[in-house]
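J.: Build me a model from this:
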Amino acid sequence: MLLGAGAVITDIIEQRHAEQALRIMHQQMEAIMESLDEGVIALRPDGSLAVLNAAARQLMLADPDPTVAPATAQDLIARSVIELRDADGQPISPAEWPLMRVLRGEHFHNWDLRLRTPTSSEEHWVTFSGMTIAAENGRPALSIVTRRDITERKRNEAAVHAHAEVLSRSNTDLSCALQLKDEFLAMMSHELRTPLNAVLGTTEALEAETYGSITVRQRQALTTVRESGRHLLGILSDILDLAYAAEAAVGGRVDVPGPGSEVLCPAGTYCTGSAAARHSRAAAEPVFLCESFALPYPHRSSL
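T.: Numbers count the residues shown, from 1 in each chain. Next up, the predicted model:
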């Protein structure tokens, strides 16, 4: 009999130790929950509150005192001082609040909502996640809702988006300005090349005495005109090269004719042109008065 009594006492002691360990564990869990910056709400299947930590109380209640905390989810919503809106700013009815959705067995993750409180004119962004923990028999045992403030992240995202829009507009304006610059250079170069080709063609025709004999002084004058015209033609060709290079750098098409391309000059001189001829002027090779370019601009056919 004494052995039986001793066994009972031992069982009681062990049970008390287990209960004490469980209480300590429960206190530790409560301390951890209270210290979290993230709001945590745990609900039993009947809707009663199992956990409502400090972050959740401070967010939803006017009086965050845990001794006067609501007992059920419905009571918490009724006493709540917050207003929830969706991402588009539309109000969310209490029946669709995260607490009620998770009680219906719905699971959601990172549901971003707008939050307003009467104590602050500033709108906050919060993200909610909800899930249900099932017991061994498969029935719901606990429904958990977590809340995290993401206002700073949303502000950063909005700033990045606004900055990206500014950069996009700036890039569009810059591309337009570069395009206008290229078109202007190409147009002006060709508008000047056309009469210049006529001048050079006529000068060469006069030097060849096509229109009659000329004196030595006249030939010297024509030589000055021809050399000056060639120099100016080289400058204009270099301007065209820059315009073509800029166009090619942004993905434009540049069609440069190869040797043998034939063009009739305005002066009536029949000559052949090659884009490579400009780069060999220093080698005293013949200077071709006409060069054919297929410009990537609408006005090229009129030049």
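
J.: from here on, contacts and neighbour counts on C-alpha atoms
T.: Noted.

J.: For residue 100, list the residues it contacts.
T.: Residues in contact with residue 100 (Cα atoms under 8 Å, 6 or more residues apart in numbering) are 73, 94.

J.: go on, residue 245?
T.: Applying Cα under 8 Å, 6+ apart, no residues qualify as near residue 245.

J.: Rounded mean pLDDT for the helix or strand encompassing it, please.
T.: Assigned by DSSP states H and E, residue 245 belongs to helix 216-249. In this model, helix 216-249 has an average pLDDT of 84.

J.: quick one, the helix or strand that residue 184 is a member of and helix 216-249 angle?
T.: Following DSSP H and E, one finds residue 184 within helix 151-207. Helix 151-207 runs at 160 degrees relative to helix 216-249, counting by axes from the mean of the first three to the mean of the last three Cα atoms, to 10 degrees.

J.: Could you list every helix and strand in contact with helix 151-207?
T.: Using 3 or more Cα pairs under 8 Å, 6 or more residues apart in numbering; DSSP states H and E as the contact test, the elements touching helix 151-207 are strand 120-134, helix 216-249.

J.: Include distance to residue 80 when you put those into JSON lines, please.
T.: Output for those, formatted as JSON lines (distance: least, Cα to Cα, whole Å):
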{"stretch": "strand 120-134", "distance to residue 80": "15"}
{"stretch": "helix 216-249", "distance to residue 80": "61"}
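
J.: looking at the ones you listed, which is closest to residue 12?
T.: Nearest to residue 12, of all the helices and strands packed on helix 151-207, is strand 120-134, at 31.5 Å by Cα to Cα.

J.: Now tell me what touches stretch 220-235 from outside.
T.: With Cα under 8 Å, 6+ apart, stretch 220-235 has contacts from 193, 196, 199, 200, 203, 204, 206, 207, 278, 287.

J.: An error on my part: the question was meant for stretch 126-139.
T.: 98, 102, 105-115, 140-151.

J.: Quick check: end-to-end length of stretch 32-39?
T.: End-to-end span of stretch 32-39 (Cα to Cα, to the nearest Å): 12 Å.

J.: about what we covered before: filter the contacts of stretch 126-139 down to the buried ones, ChimeraX style.
T.: Typed into ChimeraX, the line below selects the buried ones among the contacts of stretch 126-139, using 16 or more other Cα atoms under 10 Å:
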select :98,102,107,112,113,114,115,142,143,144,145,146,147,148,149,151
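
J.: Give me the subset of the contacts of stretch 126-139 that lies in strands.
T.: 108-115, 140-149 (DSSP state E).

J.: Quick one: low-confidence residue ranges for the protein.
T.: Scanning the chain with the threshold set as pLDDT under 70 gives 1-8, 66, 246-247, 250-303.

J.: Would you pull up how far the helix holding residue 245 lies from the middle of the chain?
T.: 46 Å (Cα atoms, centre = their mean, to the nearest Å).

J.: buried residues in it?
T.: Under the neighbour-count criterion of 16+ other Cα under 10 Å, helix 216-249 has 219, 222, 225-226, 229-230, 233-234, 236-237, 239-240, 243-244, 246-247 buried.

J.: what about residue 209, which SS state?
T.: coil (DSSP: H, G, I helix; E, B strand; the rest coil).

J.: That one: neighbouring residues, count only.
T.: Number of residues near residue 209 (other Cα atoms under 10 Å) recorded here: 12.

J.: Any figure for the gap between it and residue 55?
T.: For residue 209, the distance to residue 55 - Cα to Cα - is 101 Å.

J.: do residue 173 as well
T.: Taking Cα to Cα, one finds residue 173 at 48 Å from residue 55.
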